[in-house]
Each structure stands twice: as C-alpha cells, then as structure tokens.
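# A structural model of the following input is requested.
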Amino acid sequence: MSNVNYLDGYAYHMVHFDNLQSIFQRRALLSKRKVLQERISYRSIAFEDVQSLRDRIYILDASSRKYRALHNYVPFYFSTITPMLYVQYKNGIQEKIVFLKVSRSILKDKGVIFTDGNATNQQLRKQGKETVYIEPITATNLSCIRNYTRGGPFGINQNRSDFYADPVFLNRLNWSIINDRWFLDDESTRIKHAEILYPDLLPLARIEEIIVSTRSMVDDVNALINGTGLAGRLPSAVYKPDLYF
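The predicted model follows:
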C-alpha cells in the first residue's frame with residue numbers, strides 16, 4: 001500500500017487577469033452562483049456548452065442532506081498543466097491567466113468534495129434537458145450513486161467522473177496522468193481535470209501563492225494587490241513559466 005500523503009500538495013484556481021480586481025475587492029474567491037447573485041461582472045474563459053452541462057449537476061451535501069448545484073462550488077485543479085490551460089494557450093491569452101495556489105488541506109474543510117476527473121462528465125447530452133443528482137463516495141457509501149431525471153442518462157460517453165467526500169479516497173485518483181505534462185486522448189483529458197470543489201466562497205487568506213507566466217504580469221498583479229489594499233496580506237505574484245505551456 002502506498003504511503004504517499006496526497007494532502008501534502010497544492011491545488012490551483014485559474015482566473016483571467018481581468019477578474020482579479022473584483023476578486024481582490026471581494027476578498028474571496030466565489031462560486032459562479034455567488035458571482036451571479038452578487039451581480040459581479042467577470043470575464044469567462046469557460047465554454048458555454050460545458051457551463052450549461054454543469055448547470056444540470058447536483059451533489060448531495062453530507063451535513064445538510066440537501067443537494068447543492070455544482071455551480072455552488074469554487075473549482076480547483078490538482079495541476080496547472082491542464083487541457084483547459086492549453087485552450088487558453090491556443091487562443092493566445094495564456095499570459096493573462098493567473099493561478100491562485102492553495103494547500104490541499106482545504107479538503108479537510110466542511111463540505112469540500114473532489115472528483116477523479118472533470119466533474120462535467122456525467123453522461124448528460126449537451127442538447128438534453130436531463131439532470132443528475134449525485135451522492136459522493138464516503139466511508140459508509142463506497143460507490144458514487146447517480147439518479148437521473150427524464151429517464152437519463154442519454155449521453156454516449158461512458159467515462160463518468162466520480163465524486164468523493166472524504167480525502168482518504170485521494171489514492172483513487174490517477175496521479176500519473178494528473179501529474180503528467182501531456183494528455184493524449186479524451187480519457188486522459190477527463191482525468192487531468194480532476195477537481196477540488198469548495199462550497200460557496202474561499203477567503204483570500206487561504207491563498208499561498210499567486211503564479212503568473214510573464215515578468216510584466218508580476219508587475220501588473222502586484223500593482224493590483226497594492227491598489228486594493230492587500231499588500232502584506234496577500235503573497236506577491238511570482239513568475240513561474242514552467243507551470244505553463
């Protein structure tokens with residue numbers, strides 16, 4: 001049995017530079033639902049068809065025994081090198097992408113869940129109306145249970161991502177693919193997008209590092225930190241091009 005402590009590492013939230021000012025002013029990372037509720041304008045780098053799929057996914061919260069929308073969580077990846085970042089690279093805006101790094105210890109916080117791949121992969125049709133209600137894997141529920149509306153699932157992709165509500169199951173993730181720099185097919189693309197999902201909002205005090213890909217972005221991000229009164233309360237931006245394409 002592996003003795004690797006998978007909590008001894010980091011997770012990364014990807015944002016466009018244009019969204020940093022509102023994040024800094026709010027002093028927190030917000031879920032998409034809270035951003036909309038608070039009427040905060042933002043620049044999306046997500047695919048709209050993927051967002052519409054995520055709109056139809058609900059996860060059972062263990063403490064309240066109520067279902068929460070996937071968009072009620074702040075998403076993090078276990079790696080910066082993901083297909084999502086590659087899309088930004090191909091679109092010519094990678095230099096505008098900023099990573100906010102946190103400790104994986106956030107997985108110990110109440111209500112935090114994680115997946116073994118892209119949470120969107122739940123066999124939902126892009127043009128369909130069916131929704132899915134998911135019970136994550138726990139110490140007492142050893143399988144991921146899904147209940148579909150409208151007689152689903154109707155999607156043809158058989159590779160669904162499981163949800164977990166206990167960090168003891170981090171050893172079920174395919175870390176060799178998550179940590180690899182490359183992804184060769186749809187399945188490795190799904191796995192590399194394994195997510196940590198934090199309910200509602202994460203205070204900026206939890207951020208341990210702010211990572212950028214160019215030296216000019218170091219100056220721009222640090223100017224924002226100073227301008228929003230966060231100097232000394234947030235770490236300064238650091239230049240780490242090796243964490244980008």
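# make it CA atoms for all contacts and neighbour counts henceforth
Noted.
# give me the pLDDT for S2.
pLDDT recorded at S2 is 60.
# same deal with the one 10 residues further on?
Looking at Y12, its pLDDT is 98.
# how near is the nearest residue to it once chain neighbours are set aside to I137?
Leaving aside its chain neighbours, Y12 sits nearest to K101 (4.7 Å; criterion: CA to CA, 6 or more residues apart in numbering). With distances taken as CA to CA, to the nearest Å, K101 is found 26 Å from I137.
# now do the strands in this structure.
Secondary structure of the chain (DSSP state E): strands located at 10-16, 28-30, 57-61, 66-69, 73-77, 97-103, 113-115, 132-135, 145-148, 163-164, 195-199, 201-203, 207-212, 237-239.
# buried stuff in stretch 53-64?
L53, R54, D55, R56, I57, Y58, I59, L60, D61 (16 or more other CA atoms under 10 Å).
# any idea how far the lowest-mean-pLDDT helix or strand in the chain is from the chain center?
Every helix and strand of the chain was ranked by mean pLDDT, DSSP states H and E. The lowest is helix 48-54, at a mean of 91. Between the centre of helix 48-54 and the centre of its chain there are 14 Å (CA atoms, centre = their mean, to the nearest Å).
# kindly report the same for stretch 139-159.
21 Å.
# same check on stretch 198-217?
Centroid separation for stretch 198-217 versus its chain: 13 Å, with CA atoms, centre = their mean.
# over to stretch 131-138?
Once both centres are worked out by CA atoms, centre = their mean, stretch 131-138 turns out to sit 17 Å from its chain's centre.
# could you give the mean pLDDT of that stretch?
The pLDDT scores in stretch 131-138 average 98.
# could you do stretch 114-121 as well?
Averaged across stretch 114-121, the pLDDT comes to 98.
# so how far is that stretch off the chain centroid?
The answer for stretch 114-121 is 9 Å, by CA atoms, centre = their mean.
# the closest residue in space to I178 that isn't next to it in sequence: neighbour count?
Distances taken as CA to CA, 6+ apart place K192 nearest to I178, at 4.6 Å, with adjacent residues excluded. Neighbour count for K192, taken as other CA atoms under 10 Å: 30.
# do D186 as well
So D186, with other CA under 10 Å, has 10 neighbours.
# could the strands of the chain be laid out in TSV, adding distance to I40?
Output for those, formatted as TSV (distance: least, CA to CA, whole Å):
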stretch	distance to I40
strand 10-16	14
strand 28-30	10
strand 57-61	23
strand 66-69	19
strand 73-77	15
strand 97-103	19
strand 113-115	25
strand 132-135	28
strand 145-148	32
strand 163-164	29
strand 195-199	18
strand 201-203	14
strand 207-212	21
strand 237-239	24
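# I'd like to know which of the ones you listed is closest to N91.
strand 97-103 (11.6 Å; CA to CA).
# quick one: strands adjacent to the closest one?
Using DSSP bridges, the strands paired with strand 97-103 are strand 10-16 (antiparallel), strand 207-212 (antiparallel).
# pull out the buried positions in that strand.
In strand 97-103, counting by 16+ other CA under 10 Å, buried: I97, V98, F99, L100, K101, V102, S103.
# picking up where we left off before, would CSV of the strands paired with strand 97-103 with mean neighbour count be doable?
Formatted as CSV, these follow (neighbours: other CA atoms under 10 Å):
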stretch, mean neighbour count
strand 10-16, 20
strand 207-212, 21
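# mind checking pLDDT for the residue nearest to I178?
In the prediction, the pLDDT value recorded for K192 is 98.
# ok, now which ones touch it?
Neighbouring residues of K192 by CA atoms under 8 Å, 6 or more residues apart in numbering: S79, T82, P83, G117, N118, I177, I178, N179, F183.
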